[in-house]
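1. Pasting the sequence and the predicted model now:
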Amino acid sequence: MPFFSQSRILRKMAQHYLWILLLCLQTCLEAAESNTNILTVSGILGETVTFPLNIQDVQQVSTINWRNSKTSVAVVVAHSNKPPQVLVTHQYYNQRINVSSQNYNLEISNLRMEDSETYKADINTDNSEKKTFTRTYKLQVYRRLGKPKITQSLMTSENSTCNVTLTCSVEKEEENVTYRWSPTGKEGSVLQIFQIPKNQELIYTCTAWNPVSNNSDSISAQQLCADSSFKILKSKKKPDDVSKNTIYTCVTAPKDPQPAELRIYDEISLCKMDKTVSTQGRKPPGISSYESVI
C-alpha cells in the first residue's frame, strides 16, 4: 500500500476519534449543567427580591460575577473589614442593585415582569485552592392578586333544589393561579352547586392563590337560590293570567228610534258583563243590533 494512502487513512481515523471525543465532552458538559442545583426564587412586581448565596466562609470570597441568560448584571469585589464594592454592568439594573455586606446576597428592587430570568453567580475564592463555583437561580415575578370575582349562571330549580354554576376569576389572569372553594374543598375556578332548602345558610368562598399572594370572595347560598326562585317564578307566568277581571261596558239604544230632538238619553244605560260571558254569536237580553262594545 502506498505511503500516502496510509497517511490519508490515519488522518481520517484521527478526525473520527476527535469528533467522538468532542461529542462526549459536549454530552458530559450538558449533563453537568443539567445536574446543577437551580434555586427557584419568587418575586413580587414592584418590590424587592433576594438571591441567597449561602456561602459558609465569606472571608474567602474575592469577587462575584452576577449574570443572567442575556447579559452581565453586576460585579462584586470583596474587601476585608468594609462593605464590598459593587459595579453595575448593565444600565437596565441601574439604581436597582444592592449587595449585603454580611453575606454578599444580591438584591434587585423595583421588580419588573421582564426580570423573570435565569441568574447565575460565579464566585471566585481567594484561598490556596483558588476555586470558582457557581450558584444558579430561576426568578419568576408575579403580581399580587386582587380580590377575585364570583359570577353565577345556569340557574334552574326543580323539586325545591337550586342548581347554580359559580365561576371564580381574577382581574388579570396569570400563570400559576389556583382556585379553591370552601366549604366543599374543591379545586378549580368552576363550582356546580345543587342546593336544598336546609342548606340555605351556607356561605361559598373562592380563594385564589399564586406563589406570592392570595385573596378571596364569598357569596351566600340563600342569595343564589332566591335569585333562582325569582327567575323560575317569572318564567312560569301564563299569558291567560293577564286579567280575569276585565270589565266590558255596553251601550243600549232604543228599538224604536225617535227624532233626534226627542231622544231621551236616560234610555242609554251602562251594563257590565263578567269575562266569562261569551260574545260569540250571542247577545245578552235587551241588547239591540246597535250594540257597541267599548
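-> Everything's here; your move.
2. Is N215 in a helix, a strand, or coil?
-> strand (DSSP: H, G, I helix; E, B strand; the rest coil).
3. mind checking how far it is from T165?
-> Separation of N215 from T165 (Cβ to Cβ, to the nearest Å) stands at 22 Å. Where you see a C-beta, it was placed from the backbone N, CA and C, and this is true even at glycine.
4. And for N124?
-> Relative to T165, and taking Cβ to Cβ, N124 is found at 60 Å.
5. Tell me where the stretch 101-250 of the chain has strands.
-> 106-108, 118-125, 132-142, 149-158, 161-169, 178-182, 190-195, 203-210, 213-220, 248-251 (DSSP state E, counting those that start in this stretch).
6. nearest to I44, of the ones you listed?
-> strand 132-142 (6.4 Å; Cβ to Cβ).
7. now the angle between strand 213-220 and the closest one, please.
-> Orientation check (axes from the mean of the first three to the mean of the last three Cα atoms, to 10 degrees): strand 132-142 against strand 213-220 gives 30 degrees.
8. if you average pLDDT over strand 132-142, what comes out?
-> Mean pLDDT, strand 132-142: 93.
9. Packing partners of it?
-> On a contact count with 3 or more Cβ pairs under 8 Å, 6 or more residues apart in numbering; DSSP states H and E, strand 132-142 meets strand 38-44, strand 49-51, strand 118-125.
10. Looking at the ones you listed, which is nearest to Q60?
-> strand 118-125 (4.7 Å).
11. other SSEs contacting that closest one?
-> Strand 118-125 sits against strand 61-68, strand 132-142, with contacts defined as 3+ Cβ pairs under 8 Å, 6+ apart.
12. Now do it against strand 61-68, angle only.
-> Using the same axes, to 10 degrees: strand 118-125 against strand 61-68 is 170 degrees.
13. Sheet-wise, list the partners of strand 118-125 with their directions.
-> Counting by DSSP bridges, the strands paired with strand 118-125 are strand 61-68 (antiparallel), strand 132-142 (antiparallel).
14. show me where pLDDT drops low in this structure?
-> Counting by pLDDT under 70, the ranges of the chain that qualify are 1-36, 128-129, 154, 157-160, 173, 197-199, 225-294.
15. Any idea how many residues pack against the nearest residue to R96 once chain neighbours are set aside?
-> Once flanking residues are discounted, R96 sits nearest to S109: 5.1 Å by Cβ to Cβ, 6 or more residues apart in numbering. Applying other Cβ atoms under 10 Å, we find 14 residues neighbouring S109.
16. List phi and psi for S109.
-> phi -100, psi 170 (degrees, to the nearest 10).
17. Please apply the same query to P84.
-> phi -70, psi 160.
18. contacting residues for the closest residue to A121 other than its chain neighbours?
-> Leaving out its chain neighbours, the residue that sits closest to A121 by Cβ to Cβ, 6+ apart is R135, at 4.5 Å. Residues near R135 by Cβ atoms under 8 Å, 6 or more residues apart in numbering: L39, F51, L53, N54, K120, A121, I123.
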